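Trainee: have a look; sequence and predicted model below, questions after that.
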Amino acid sequence: MHRSSAANSRRTGKDILNTLSTFRCTEVATSLINKSRGTRSPDNHITLVFSAFLQQWILRRNTVTVITLVSEQKIEDLPIQITYERRHSDSIICSRPVHENQAYAFSGAVYAPAQNAVMESMNCSYEVAMLPLALYNLGLAFGPIVGAPLSETYGRKAVYLVTTPIFMVSMIGGTLCNTISGLILCRFLAAVFGSSNISNASATILDYTSDNERGTVLAIYYAVPTVAAALAPLVGGFILIRIGEWRWTQWVPVILAAAFYCLLIFTKETYKAVILRRRAMQLGLMGTRRGTTIGGSLRHLFIVLFQRPIHMLLTEPIVTCISLYNGFLFGLLYAFVISIPWVFQKYYGFGPQAQALSYLGVTVGNIAACIPHALIDKYFFLPRLQSWKEVHEPSLRMPPEARLVSALGGGLLLPPSLLILSWTANFQVHWIVPIIFQGFSMFSCLLVYSGTNLFMLDTYGPLYGASASGAMMFSRYILSCAFPLFTLQMFDGLGVGWATTLLAALSLLMAPIPWIFWIYGPRIRKASRYSLRHKSDILTGQLAASMPIAIMYGSYTSRYV
């Protein structure tokens with residue numbers, strides 16, 4: 001520690017809190033624990049040593065919202081610092097967010113085969129019977145806007161605990177409804193509350209994994225819900241064939257969600273800011289300004305809940321472009337969910353069971369996409385990460401553009417896969433050929449989806465990652481809501497050849513997006529007010545050099561923080 005400078009001062013924890021509370025700080029959490037000795041300072045206060053630079057930086061910022069000062073000693077509650085063996089022994093428990101995400105995606109698509117049965121049961125038109133699926137996707141768009149920032153304010157686990165039971169109750173309500181309006185409303189509410197956990201799941205994995213593990217883990221995470229959405233119509237079709245009651249397509253997601261919810265009992269909080277705040281409260285070192293709450297003022301809460309995700313969606317090119325691209329890819333998945341039975345019934349004469357099995361290409365393609373991610377991580381990303389650490393300071397993060405490799409290839413593979421699928425089905429080439437290229441299409445989609453999301457999460461980090469995911473999911477599910485409403489009419493009017501060619505042309509227009517970020521990513525991130533790489537230039541680069549005892553973590557100077 002640089003104790004020689006006369007400008008450096010020694011202050012107790014309470015003195016620091018009193019000083020900072022004068023400068024409009026909503027809350028200050030300090031946690032300095034001597035793990036090696038297990039004792040505090042003789043005066044029962046925790047002693048902090050600040051450089052003059054840090055003091056001046058704090059006093060100049062009147063808009064600081066949260067400052068957390070953490071010892072260089074590891075805090076065992078932080079998930080990123082839990083030992084490798086312990087984290088992997090808890091892998092089943094940690095996979096709970098992935099499984100719940102699977103249940104929510106499954107709940108949407110499992111309704112698709114039940115549409116005709118609902119039309120007969122509730123005496124409604126095709127368009128009206130499609131609304132429980134379309135508006136379920138619309139509900140998925142709104143949950144992350146609230147759920148993601150709430151998790152950043154109150155913690156990941158609190159959001160999981162509250163929203164999952166509401167999801168199950170809403171799904172049960174839809175199962176028991178005898179009117180189409182009641183079914184639409186209940187499924188919409190189930191989607192709103194269930195989707196609050198979807199963006200939190202990726203943020204939880206981001207909390208819990210290191211850079212060298214994250215690529216493979218997130219690739220599996222991204223594959224699970226898309227596999228569930230592709231597998232759900234197959235399961236729903238066999239439920240209708242064997243049981244003959246569409247309501248069982250709604251009971252199955254409830255059973256899945258209840259089973260996965262039981263794992264929640266054994267999980268711990270993973271969000272660093274909440275863990276540190278709780279530790280500071282245990283130490284009696286939490287300072288709050290009069291009239292505020294631990295979560296911050298109402299103005300701060302509004303900004304975190306609504307303004308930040310929408311602002312990121314409208315002003316951050318990375319979030320905007322990735323949201324548009326991923327929205328199209330997710331809409332394409334639902335276009336397959338709606339059109340596959342129609343295509344194989346009209347062009348190949350498949351019966352109900354064969355139509356259900358025609359989804360296998362989509363399912364296998366999604367599962368297979370995990371393989372190249374593991375290979376890219378092992379042979380491309382990890383060697384580059386190791387080389388970066390050898391050359392640069394530990395405080396500097398490697399540029400996230402290395403995460404885009406899978407998206408670069410997937411974006412180029414998708415258009416020709418769709419073209420081959422379209423015209424082999426149109427000319428009634430053997431049915432296995434379009435099924436294979438359905439698999440290639442979904443394989444390409446997941447490569448793009450996971451690669452661009454990894455890039456976005458590494459760009460914004462744990463602090464803003466959930467908000468970026470929430471913004472992206474909002475646009476993604478808005479588009480996936482629209483696709484079921486026109487897909488069948490488009491395929492019926494244009495035929496499978498030209499309808500799928502149109503989708504291939506749209507995918508070709510979006511293919512340059514990951515290449516643009518690959519080439520111009522550093523320049524775009526430098527202009528961003530949320531980019532973690534840009535923040536690290538200021539904080540971990542300059543501040544860490546002048547405050548070796550402490551790491552600053554929290555919200556900074558932007559008016560939108």
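Mentor: Perfect, I can see it now. Residues are numbered from 1 along each chain as shown.
Trainee: C-alpha only now, for contacts and for neighbours.
Mentor: Noted.
Trainee: how many neighbours does the nearest residue to Gly410 once chain neighbours are set aside have?
Mentor: Distances taken as CA to CA, 6 or more residues apart in numbering place Ser444 nearest to Gly410, at 4.3 Å, with adjacent residues excluded. Ser444 is flanked by 26 other residues according to other CA atoms under 10 Å.
Trainee: now do Leu408
Mentor: 23.
Trainee: quick one: what helix or strand has it in it?
Mentor: helix 405-426 (DSSP states H and E).
Trainee: what is that helix packed up against?
Mentor: helix 317-348, helix 370-376, helix 432-510, helix 512-526 (3 or more CA pairs under 8 Å, 6 or more residues apart in numbering; DSSP states H and E).
Trainee: of those helices, give the one that comes closest to Tyr111.
Mentor: Evaluated with CA to CA, the helices and strands packed on helix 405-426 place helix 317-348 nearest to Tyr111, the distance being 10.3 Å.
Trainee: what's the domain layout of this structure?
Mentor: 96-270, 316-538 (the TED database).
Trainee: hey, least reliable of those by pLDDT?
Mentor: Lowest mean pLDDT within the domains of the chain: domain 96-270, a mean of 80.
Trainee: related to what we said a few turns ago, need the winner for burial among the helices and strands packed on helix 405-426.
Mentor: Among those, helix 432-510 has the highest mean neighbour count (mean count of other CA atoms under 10 Å), at a mean of 23.
Trainee: list the contacts of stretch 404-417.
Mentor: 372-373, 376, 437-438, 440-441, 443-452, 454-455, 504-505, 507-508, 510-512, 514-515, 518 (CA atoms under 8 Å, 6 or more residues apart in numbering).
Trainee: so Met398 versus Ala219, what's the distance?
Mentor: Between Met398 and Ala219 the computed distance is 19 Å (CA to CA, to the nearest Å).
Trainee: these two: which has the busier surroundings?
Mentor: Ala219 (24 against 19).
Trainee: shouldn't the more buried one be in contact with Pro372?
Mentor: No - counting by CA atoms under 8 Å, Pro372 is not a contact partner of Ala219; they are 9.4 Å apart.
Trainee: could I get the full set of strands for the stretch 101-250 of the chain?
Mentor: Remark: no strands are assigned in the stretch 101-250 of the chain by DSSP state E, counting those that start in this stretch.
Trainee: break down it into its helices, ranges please.
Mentor: 115-122, 126-154, 156-176, 180-195, 198-208, 211-242, 248-262 (DSSP state H, counting those that start in this stretch).
Trainee: point out the one among those helices that comes closest to Ser387.
Mentor: Proximity to Ser387 (CA to CA) singles out helix 211-242 among those, at 12.6 Å.
Trainee: run the angle between that closest one and helix 115-122 for me.
Mentor: For helix 211-242 against helix 115-122, the angle between stretch directions is 50 degrees (axes from the mean of the first three to the mean of the last three CA atoms, to 10 degrees).
Trainee: and the residue nearest to Gly410, how far from Ser450?
Mentor: Taken as CA to CA, the span from Ser444 to Ser450 is 10 Å.
Trainee: isn't there a strand covering Arg397?
Mentor: No - counting by DSSP: H, G, I helix; E, B strand; the rest coil, Arg397 is not part of a strand but coil.
Trainee: neighbours around it, how many?
Mentor: By other CA under 10 Å, the residues close to Arg397 number 20.
Trainee: I'd like the distance between it and Ile205.
Mentor: As for Arg397, its distance to Ile205 is 18 Å (criterion: CA to CA).
Trainee: same deal with Val169?
Mentor: Val169 is 27 Å from Ile205, by CA to CA.
Trainee: likewise Leu176?
Mentor: Computed as CA to CA, the Leu176 to Ile205 distance reads 35 Å.
Trainee: just Phe491 next, same as before
Mentor: Phe491 is 38 Å from Ile205, by CA to CA.
Trainee: likewise for Ile198?
Mentor: 11 Å.
Trainee: over to Pro416?
Mentor: For Pro416 relative to Ile205 (CA to CA), the value is 33 Å.
Trainee: skipping its backbone neighbours, what lies nearest Tyr136 in space?
Mentor: Phe188 (4.7 Å).
Trainee: and the one you found, what does it touch?
Mentor: Phe188 neighbours (CA under 8 Å, 6+ apart): 132, 135-139.
Trainee: could you do Ala356 as well?
Mentor: Neighbours of Ala356 in contact, by CA under 8 Å, 6+ apart: 233-235, 237-238, 341.
Trainee: out of those, which is most surrounded?
Mentor: Pro233 leads these on contacts (other CA under 10 Å) with 29 neighbours.
Trainee: leaving aside the residues adjacent along the chain, what's closest to that one?
Mentor: Pro233's closest residue in space is Val110 (CA to CA, 6+ apart), at 4.9 Å.
Trainee: surely that neighbour and Phe238 touch.
Mentor: No - using CA under 8 Å, Val110 makes no contact with Phe238, being 10.6 Å away.
Trainee: quick check: Tyr136 touching Ala191?
Mentor: Yes - counting by CA under 8 Å, Ala191 is a contact partner of Tyr136 at 5.5 Å.
Trainee: Val162 versus the residue nearest to Thr501 when sequence neighbours are not counted, what's the distance?
Mentor: Nearest non-adjacent residue to Thr501, counting by CA to CA, 6+ apart: Leu419, 5.7 Å away. According to CA to CA, Leu419 and Val162 sit 45 Å apart.
Trainee: so the two - more neighbours on which side?
Mentor: Leu419 (20 against 13).
Trainee: wait, what's in contact with that one?
Mentor: 500-501, 504.
Trainee: apply 10 Å and report the result again.
Mentor: By CA atoms under 10 Å, 6 or more residues apart in numbering, Leu419 lies in contact with 437, 441, 497-498, 500-505.
Trainee: and for Leu485?
Mentor: Leu485 neighbours (CA under 10 Å, 6+ apart): 126-128, 130-131, 133-135, 335, 338.
Trainee: at 6 Å instead, please
Mentor: Shown in contact with Leu485 (CA atoms under 6 Å, 6 or more residues apart in numbering): no residues.
Trainee: related to what we said a few turns ago, of Leu176 and Ile205, who's got more company?
Mentor: Neighbours were counted for Leu176 and for Ile205 using other CA under 10 Å; Ile205 has more, 22 against 14.
Trainee: excluding chain neighbours, what is closest to that one?
Mentor: Leu218 (7.3 Å).
Trainee: any idea how many residues pack against the one you found?
Mentor: 23.
Trainee: elements contacting the host helix or strand of Val364?
Mentor: Assigned by DSSP H and E, Val364 belongs to helix 360-368. Contact partners of helix 360-368 among helices and strands, from 3 or more CA pairs under 6 Å, 6 or more residues apart in numbering; DSSP states H and E: helix 211-242, helix 432-510.
Trainee: what's in contact with it?
Mentor: Helix 360-368 is contacted by residues 223, 227, 230, 435-436, 438-440, 442-443 when judged by CA under 6 Å, 6+ apart.
Trainee: now the residues you listed in CSV, with distance to Tyr464?
Mentor: Listed next are those as CSV, based on distance: CA to CA, whole Å:
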residue, distance to Tyr464
Ala223, 23
Val227, 27
Ala230, 30
Ile435, 39
Ile436, 39
Gln438, 35
Gly439, 34
Phe440, 33
Met442, 29
Phe443, 28
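Trainee: nearest to Tyr530 among those residues?
Mentor: Ala223 (27.3 Å).
Trainee: burial count for the closest one?
Mentor: Under the criterion other CA under 10 Å, the count of neighbours that Ala223 has is 25.
Trainee: for it, give me its contacts.
Mentor: Here Ala223 is in contact with Asn366 (criterion: CA under 6 Å, 6+ apart).
Trainee: understood, closing this out.
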